[in-house]
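Enquirer: Sharing a model prediction with you, sequence too.
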Amino acid sequence: MAASLTRLVQMNKMTGLSVLARSFSVSNQSNYKVSVLGASGGIGQPMSLLLKQTPGVKHLALYDIAHTPGVAADLSHIDTAAKVTGHTGPDEIGECLTGCDVVVIPAGVPRKPGMTRDDLFTTNASIVAELSKACAKYCPKAFICIISNPVNSTVPICCEMFKKAGVNDLGKVFGVSTLDIVRSNAFVAEAKGLDVSSVNVPVIGGHAGITIIPVISQCQPSVTFDQAALEAITTRIQDAGTEVVKAKAGAGSATLSMAYAGARFAASALDALSGKEGVVECAFVPSDRSDTKYFSTQLVLGPNGIESNLGTGKLSAYEESLVAACIPELQASIKKGEEFAKNYN
């Protein structure tokens with residue numbers, strides 16, 4: 001056993017990869033600068049750990065309002081190629097963001113028991129607005145990957161702040177809804193006894209409650225549920241964040257799974273930047289594929305961001321009813337974000 005483990009470590013050293021990095025793949029070893037804004041938090045720390053081990057990351061720049069030098073020092077002791085720097089406070093954000101290729105934003109306050117994502121709006125809206133202004137100034141051509149909730153409002157805030165700064169190409173601004181896909185894959189695989197690594201469930205709509213719409217009719221491999229089971233698993237996917245908040249009993253929200261999902265999306269962004277073909281992820285973006293200004297669908301990603309929007313595809317009658325039900329809530333959340341940004345100085 002010890003000899004086998006030694007050989008595994010040696011092989012990983014030779015390839016420049018860590019064991020965990022094999023969860024994420026970048027098509028070549030191009031060197032990119034990736035920034036995490038909110039790197040000292042419950043999502044930011046484990047996500048930074050994963051990104052430190054992701055091939056293609058040359059420089060991992062970490063930003064937060066406190067404790068960032070310690071997080072950076074800790075991660076810098078890991079024997080992978082990425083250089084790690086820590087940046088604290090508004091005076092250092094320019095250095096953090098300048099030259100960035102991918103920016104991931106998990107900054108903000110976490111959900112607590114009894115809170116909805118919308119309850120986070122007042123605090124997180126201001127945080128996202130300020131960070132978006134900085135991104136528009138220092139790295140307007142970077143992939144901007146927004147995790148801060150409520151995503152249905154914070155993505156419109158980011159886009160409006162970019163437009164205020166004169167940046168009108170929004171093809172690289174993404175609301176990261178990958179956690180909904182990760183959960184859908186896990187729950188469907190569990191229910192059907194499948195190898196989870198082979199399961200892919202698209203998720204469309206938004207990233208909160210009833211706006212999360214798992215398109216199980218398009219699952220690969222194909223699966224079927226009776227109506228009661230379909231409604232039950234859909235509800236579980238929609239309420240999965242609350243499930244974690246309750247299970248942690250006030251000690252936090254979905255930090256570890258979100259860190260994994262955020263790192264996965266960032267790795268896909270790196271793949272796209274490196275020219276790999278066929279990079280597809282779902283994300284909440286400016287869209288004309290529904291009756292709202294923003295909508296999550298499957299997207300083909302390339303070096304310039306969104307290459308094509310694959311839309312919703314053929315939906316079942318049940319899924320069409322879910323889309324119809326989510327539109328009013330999405331419209332309200334989007335409008336709330338846009339109005340906040342309009343009045344934000």
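Expert: Good, I have the coordinates. Just so it is clear, the structure is predicted and the values come from calculations on it, not from any experiment.
Enquirer: Which stretches in the stretch 201-345 of the chain count as strands?
Expert: For the stretch 201-345 of the chain, applying DSSP state E, counting those that start in this stretch gives strands covering 203-205, 212-214, 279-286, 294-302, 305-309.
Enquirer: winner for burial among those strands?
Expert: strand 203-205 (a mean of 29; mean count of other Cβ atoms under 10 Å). Using the backbone N, CA and C atoms, a C-beta is placed for each residue, glycine as well.
Enquirer: Over the helix ranked longest in the chain, what's the mean pLDDT, rounded is fine.
Expert: If you go by DSSP state H, the chain has its longest helix at helix 317-343. Averaging pLDDT along helix 317-343 yields 98.
Enquirer: Can you list the buried residues in it?
Expert: Neighbour-count burial for helix 317-343, counted by 16 or more other Cβ atoms under 10 Å, picks out 319, 322-323, 326-327, 329-331, 333-334, 336-338, 340-341.
Enquirer: same for it, what does it pack against?
Expert: Packed against helix 317-343 by the contact rule (3 or more Cβ pairs under 8 Å, 6 or more residues apart in numbering; DSSP states H and E) you find helix 121-138, helix 151-164, strand 203-205, strand 212-214, helix 227-238, strand 294-302.
Enquirer: Do me a favour and average the pLDDT over the fifth one.
Expert: Meaning helix 227-238. Mean predicted confidence for helix 227-238 is 98.
Enquirer: Just the buried residues of it, please?
Expert: 230, 233-234, 237-238.
Enquirer: which residues sit against that helix?
Expert: Here helix 227-238 makes contact (Cβ atoms under 8 Å, 6 or more residues apart in numbering) with 180, 183-184, 187-188, 191, 203, 209-210, 212-214, 216, 225, 243, 318, 322.
Enquirer: Restrict that helix to CA atoms and write it as PDB.
Expert: What follows is helix 227-238, C-alpha atoms only, in PDB (Å, rounded to 0.1, in the frame of the first residue of the first chain):
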ATOM      1  CA  GLN A 227     -44.700  12.200 -11.500                       C
ATOM      2  CA  ALA A 228     -44.600  12.100  -7.700                       C
ATOM      3  CA  ALA A 229     -40.900  11.200  -7.600                       C
ATOM      4  CA  LEU A 230     -40.100  13.800 -10.300                       C
ATOM      5  CA  GLU A 231     -41.800  16.500  -8.300                       C
ATOM      6  CA  ALA A 232     -40.000  15.300  -5.100                       C
ATOM      7  CA  ILE A 233     -36.500  15.300  -6.600                       C
ATOM      8  CA  THR A 234     -37.100  18.700  -8.300                       C
ATOM      9  CA  THR A 235     -38.200  20.200  -5.000                       C
ATOM     10  CA  ARG A 236     -35.200  18.800  -3.300                       C
ATOM     11  CA  ILE A 237     -32.800  20.300  -5.900                       C
ATOM     12  CA  GLN A 238     -34.600  23.700  -5.500                       C
END
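Enquirer: how far out from the middle of the chain is it?
Expert: Centroid separation for helix 227-238 versus its chain: 23 Å, with Cα atoms, centre = their mean, to the nearest Å.
Enquirer: what do you get for the second one?
Expert: For helix 151-164, the gap between its own C-alpha mean and the chain's C-alpha mean amounts to 15 Å (Cα atoms, centre = their mean).
Enquirer: again, but for the third one
Expert: With Cα atoms, centre = their mean as the basis, the distance from the averaged C-alpha position of strand 203-205 to the chain average is 14 Å.
Enquirer: I'd like the strands of the stretch 201-345 of the chain as a markdown table, with distance to A266 appended.
Expert: Shown next, in a markdown table, are the strands of the stretch 201-345 of the chain (distance: least, Cβ to Cβ, whole Å):
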| stretch | distance to A266 |
| --- | --- |
| strand 203-205 | 18 |
| strand 212-214 | 21 |
| strand 279-286 | 10 |
| strand 294-302 | 12 |
| strand 305-309 | 14 |
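Enquirer: Mean pLDDT and distance to S35 for the ones you listed - can I get that in CSV?
Expert: Putting the strands of the stretch 201-345 of the chain into CSV (pLDDT from 0 to 100; distance: least, Cβ to Cβ, whole Å) gives the following:
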stretch, mean pLDDT, distance to S35
strand 203-205, 98, 26
strand 212-214, 98, 27
strand 279-286, 98, 18
strand 294-302, 98, 18
strand 305-309, 98, 17
